[in-house]
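Trainee: My questions concern the predicted model and sequence given below.
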Amino acid sequence: MSIDRRQFIGRSVALAATALPSLAPSLLTSQVHAGEDRLIIDTHTEVWTLDPKFPFNHPEAGAKLKVDVAAPIENLVGQMHDFGIRYAVLINPRYFGWDNSYIAHSLSLYPDLFVAHGLLQPEDPKIADKLRYWITERGFQGMRFSPIYHPKSTWLNSRDHDELWRTAEKLGAVFNYYIAPHQMPMLEEMAGRFPGVKIVVDHAGKPDLNAKDCWPEFRKMFRLKKFPQVWISNSEPYEMSELKKYPYEDTLPFYKAIYEEFGGQQLIWGTGYPRPRWELPMDQELEFVDKFCDFYTAADRELMLGKNALRIWKFAKS
């Protein structure tokens, strides 16, 4: 049985979750908005609870997945307060499988701070109906798909998914993809056929730095730049780095190449984690963009850290 890196961390890291005081959403919202120097939107945050009301049912590990540390919505709200992050996008971390109830619960608690993406079983024959339910009944704005876990599958551009994409166009849904470089042509096909669906590519397209020469495969993503409805998440360097040490200098040529190809208008930023944070604390997440990615212009950095997200999602008070 294989589980992804987040599941491994969740199982093996012995940390006590940091408990934060319970604060009213209205108070937190006012504090987040107070005294900010710039707009910061975290476009990829994951939360989970160990409350049995929201049982785990991981797509690969099932209900037997062992996670010792909770990362509840309250922790994320506290982090946003501490660092002046105005809005964030909630994404189901796969712990709950195709049940997005905890993400919906979190959204209902803090609707002024978040928008939500869930997960759908990609080969469910009723996938379009499930998309419609989560968006129209539960207030979600999109879904995340992870074809990287299905490296030989062709469901991404299957004709069976046409109804899903047509429904997404009608609903104004956003799709974000955790995808391997060799799968980019399939996404390129769907972006061309369904231009009304906004698309986010996670983890900078996940170049394989273990490969002898990963650039030919990695450059397949660059063909997506012709689509104005596509954005690349130029963030989370620890996801691709082989150095495993901040500031992950081996990732910088890839972020620079993406920037040179797509420009500031098609980049966004996201961290991937709430509290507890295991790999990169928030101050270093921001420092990485501000200091080490010195090839960004100041104006493009502002687009990437917040303003572009306003073109993708509808936040409550934006």
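Mentor: Nice, I can see it. Residues are numbered from 1 along each chain as shown.
Trainee: would you list every one of the helices in the protein?
Mentor: With DSSP state H, the ranges of helices along the chain come out as 5-12, 25-33, 73-83, 101-109, 127-136, 162-171, 184-193, 215-218, 252-262, 282-287, 298-302, 309-312.
Trainee: Just put these in a markdown table and tack on mean neighbour count.
Mentor: Placement of C-beta: from N, CA and C, glycine included. Below are the helices of the chain laid out as a markdown table (neighbours: other CB atoms under 10 Å):
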| stretch | mean neighbour count |
| --- | --- |
| helix 5-12 | 15 |
| helix 25-33 | 15 |
| helix 73-83 | 21 |
| helix 101-109 | 19 |
| helix 127-136 | 18 |
| helix 162-171 | 18 |
| helix 184-193 | 18 |
| helix 215-218 | 15 |
| helix 252-262 | 17 |
| helix 282-287 | 17 |
| helix 298-302 | 14 |
| helix 309-312 | 19 |
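Trainee: As TSV, the ones you listed with distance to Tyr238 would be great.
Mentor: Below are the helices of the chain laid out as TSV (distance: least, CB to CB, whole Å):
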stretch	distance to Tyr238
helix 5-12	9
helix 25-33	26
helix 73-83	17
helix 101-109	23
helix 127-136	30
helix 162-171	30
helix 184-193	22
helix 215-218	18
helix 252-262	13
helix 282-287	10
helix 298-302	20
helix 309-312	21
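Trainee: between those, which gets nearest to Leu120?
Mentor: helix 127-136 (5.3 Å; CB to CB).
Trainee: related to what we said a few turns ago, lowest-confidence stretch among the helices of the chain?
Mentor: Among the helices of the chain, helix 25-33 carries the lowest mean pLDDT, at a mean of 38.
Trainee: ok, Tyr102 - contacts?
Mentor: Val47, Trp48, Thr49, Phe54, Asn92, Phe96 (CB atoms under 8 Å, 6 or more residues apart in numbering).
Trainee: Would you agree the fourth one is in contact with Gly97?
Mentor: This means Phe54. No - with contact defined as CB atoms under 8 Å, Phe54 does not reach Gly97; the gap is 10.9 Å.
Trainee: Flag the shaky bits of the stretch 101-250 of the chain, pLDDT-wise.
Mentor: Applying pLDDT under 70 to the stretch 101-250 of the chain flags no residue at all.
Trainee: residue ranges for the strands of it, please.
Mentor: For the stretch 101-250 of the chain, applying DSSP state E, counting those that start in this stretch gives strands covering 114-119, 142-145, 174-177, 198-201, 230-233.
Trainee: CSV for those strands, including mean neighbour count and distance to Ile312?
Mentor: Listed next are these as CSV, based on neighbours: other CB atoms under 10 Å; distance: least, CB to CB, whole Å:
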stretch, mean neighbour count, distance to Ile312
strand 114-119, 25, 9
strand 142-145, 24, 9
strand 174-177, 25, 6
strand 198-201, 24, 5
strand 230-233, 24, 6
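Trainee: For the ones you listed, please prepare JSON lines with the additional fields distance to Leu310.
Mentor: JSON lines is the format used below for these (distance: least, CB to CB, whole Å):
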{"stretch": "strand 114-119", "distance to Leu310": "11"}
{"stretch": "strand 142-145", "distance to Leu310": "15"}
{"stretch": "strand 174-177", "distance to Leu310": "13"}
{"stretch": "strand 198-201", "distance to Leu310": "12"}
{"stretch": "strand 230-233", "distance to Leu310": "12"}
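Trainee: Can you give me the pLDDT of Tyr273?
Mentor: At Tyr273, the pLDDT recorded in the model is 84.
Trainee: Tell me which residues touch it, please.
Mentor: With CB under 8 Å, 6+ apart, Tyr273 has these contacts: Thr45, Glu46, Ala71, Glu279.
Trainee: now the residues you listed in CSV, with distance to Thr271, pLDDT and neighbour count?
Mentor: Below are the contacts of Tyr273 laid out as CSV (distance: CB to CB, whole Å; pLDDT from 0 to 100; neighbours: other CB atoms under 10 Å):
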residue, distance to Thr271, pLDDT, neighbour count
Thr45, 7, 97, 23
Glu46, 9, 96, 20
Ala71, 12, 96, 25
Glu279, 10, 83, 20
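Trainee: All set, thanks.
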